[in-house]
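# Have a look at this prediction, sequence included:
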Amino acid sequence: MASTAPVLSQSLVLAPIQPSQLTSIKKLAETPDLNFIPSNYAYYNDPHEISASESQDSIPTIDISLLTSANPDHKSKAIQDLNKACQEWGFFMVINHGIPESLMRAMLDVSNEFFNLPEEEKPKFEPKDVLEPVRYGTSFNSAKEKVFCWRDFLKVFVHPEFHCPHKPTALRELLLEYCEKTRNLVRKLVRGISESLGLEEYELVKTLNLDSSLQILIANYYPPCPQPQLALGMPPHSDHGLFTLLIENQVGGLQIQHKGEWFNVNALPNSILVNTGDHLEIFSNGKYKSVLHKAIVNNKNTRISIAMTNGPSLNTIVSPSSKLVENEGCEPAYIPMKYKDYLFSQQNNPLNGKSMLNRVKIQNN
Ligand SMILES: O=C(O)CCC(=O)C(=O)O
Ligand SMILES: [Fe+2]
């Protein structure tokens with residue numbers, strides 16, 4: 001039988017957008033009769049399969065209320081579940097988390113209002129400093145990228161110092177409340193995770209100075225895309241920090257990698273999604289790997305997600321836990337690095353899988 005070489009059909013796309021004409025993706029997506037995307041929004045030359053495995057049953061669910069249960073059996077079961085979820089998936093959904101559904105909905109609504117403000121009422125578009133405490137922009141780091149993400153974002157440092165854009169006016173109060181409520185959840189999770197690693201309950205809090213931990217709110221806006229099979233909202237990456245809490249409007253799009261395969265995440269109603277970050281991988285000396293994830297887009301509905309990253313304090317030098325290394329009699333597998341330097345470097349480059357983490361990984365491990 002004669003073998004035939006695969007024929008690659010280049011998809012029809014528009015001429016690339018010039019850097020000087022770069023605009024918010026919202027504005028680009030609202031261009032009348034936009035049927036094709038500019039070539040520098042095409043992550044793929046040919047339409048790729050955006051559907052992935054469905055895993056509604058297998059993604060772990062953790063009942064947070066059990067972590068503070070007076071019943072020691074319930075508590076230890078929750079800690080075991082956390083251990084399994086962090087080790088096997090790096091991803092889980094939490095229920096009974098204490099954050100009112102109305103507050104989560106209000107946060108998503110006010111984020112939508114933010115992106116719909118006239119440009120002159122938003123903070124400066126695309127500021128140069130990637131550690132600016134209030135940063136509004138498009139893609140991930142458009143100054144460094146060749147291919148852009150179908151995404152606009154607002155990033156706000158909300159702890160240990162609270163920052164907030166001036167508009168929408170309702171944002172400040174909601175954000176203060178969301179910040180306080182998510183910190184309560186983070187405290188419980190961090191204590192549980194510390195114990196799940198076989199460490200004392202407060203070990204993680206003390207070592208990484210979590211009383212002044214850096215919390216960043218990231219609101220993501222993904223408008224409908226005429227060629228969703230060519231574009232990406234966010235390419236595969238892992239997050240900095242210990243873990244990220246994520247909520248979304250009722251439009252799906254998050255995919256996580258598990259055992260080399262991509263899975264669609266269908267969030268349970270009123271749940272919060274949690275993904276483990278690079279600094280938990282470093283602290284746990286590779287026991288809890290940060291999870292690769294990406295955001296896909298669709299051609300019908302605007303998707304909004306709100307991620308809250310939870311890291312150490314900016315000046316903490318993060319290294320594998322010395323207690324853990326000692327308990328387990330192993331060698332540290334990561335080079336110590338100040339969180340602030342790690343964050344700067346990660347934000348100052350295009351998003352690319354776990355490339356930042358690989359820079360601190362000791363390669364013979
Ligand atoms: O929108 C999503 O589902 C993912 C967002 C994300 O990965 C991020 O903001 O780091
Ligand atoms: Fe992420």
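Sure, I can see it. Ligands and ions are numbered 1, 2, ... in the order given.
# So which bits of the helix or strand hosting Leu103 are buried?
Per DSSP states H and E, Leu103 falls inside helix 101-115. Within helix 101-115, the residues scored as buried using 16 or more other Cβ atoms under 10 Å are Met104, Ala106, Met107, Leu108, Val110, Ser111, Phe114, Phe115. (Each C-beta comes from the backbone N, C-alpha and C, glycine too.)
# can I assume Ser11 sits in a strand?
No. Using DSSP: H, G, I helix; E, B strand; the rest coil, the assignment for Ser11 is coil, not a strand.
# What number of residues are in the vicinity of it?
When neighbours are defined as other Cβ atoms under 10 Å, Ser11 has 16 of them.
# for this structure, what's the longest helix?
Longest helix in the chain by number of residues (criterion: DSSP state H): helix 171-196.
# I'd like to know which elements that one is packed against.
helix 72-88, helix 101-115, strand 152-159, helix 203-207, strand 215-222, strand 243-248, strand 303-310 (3 or more Cβ pairs under 8 Å, 6 or more residues apart in numbering; DSSP states H and E).
# and the angle from the longest one to helix 171-196?
I take that to be helix 72-88. Interaxial angle, helix 72-88 versus helix 171-196 (axes from the mean of the first three to the mean of the last three Cα atoms, to 10 degrees): 100 degrees.
# try the fifth one
Note on geometry: by the same axes, to 10 degrees, strand 215-222 and helix 171-196 are set 110 degrees apart in direction.
# Tell me the buried residues in strand 215-222?
Along strand 215-222, these residues count as buried under the neighbour rule (16+ other Cβ under 10 Å): Gln215, Ile216, Leu217, Ile218, Ala219, Asn220, Tyr221, Tyr222.
# Could you spell out the sheet neighbours of the helix or strand of the chain with the lowest mean pLDDT, each with its direction?
Of all the helices and strands that make up the chain, the one with the lowest confidence by mean pLDDT, DSSP states H and E is strand 53-54; it has a mean of 78. Strand pairing for strand 53-54, determined by DSSP bridges: strand 261-264 (parallel).
# Any buried residues in the partner strand, and which?
Buried-residue list, strand 261-264, by 16+ other Cβ under 10 Å: Trp262, Phe263, Asn264.
# Over to stretch 147-160?
Using 16+ other Cβ under 10 Å as the test for burial, stretch 147-160 gives 147-159.
# With distance to ligand 1 and pLDDT as new columns, can those residues be given to me in JSON lines?
Formatted as JSON lines, the buried residues of stretch 147-160 follow (distance: Cβ to the nearest ligand atom, whole Å; pLDDT from 0 to 100):
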{"residue": "Val147", "distance to ligand 1": "17", "pLDDT": "97"}
{"residue": "Phe148", "distance to ligand 1": "15", "pLDDT": "98"}
{"residue": "Cys149", "distance to ligand 1": "10", "pLDDT": "98"}
{"residue": "Trp150", "distance to ligand 1": "11", "pLDDT": "98"}
{"residue": "Arg151", "distance to ligand 1": "8", "pLDDT": "98"}
{"residue": "Asp152", "distance to ligand 1": "12", "pLDDT": "98"}
{"residue": "Phe153", "distance to ligand 1": "7", "pLDDT": "98"}
{"residue": "Leu154", "distance to ligand 1": "11", "pLDDT": "98"}
{"residue": "Lys155", "distance to ligand 1": "9", "pLDDT": "98"}
{"residue": "Val156", "distance to ligand 1": "13", "pLDDT": "98"}
{"residue": "Phe157", "distance to ligand 1": "15", "pLDDT": "98"}
{"residue": "Val158", "distance to ligand 1": "15", "pLDDT": "98"}
{"residue": "His159", "distance to ligand 1": "17", "pLDDT": "98"}
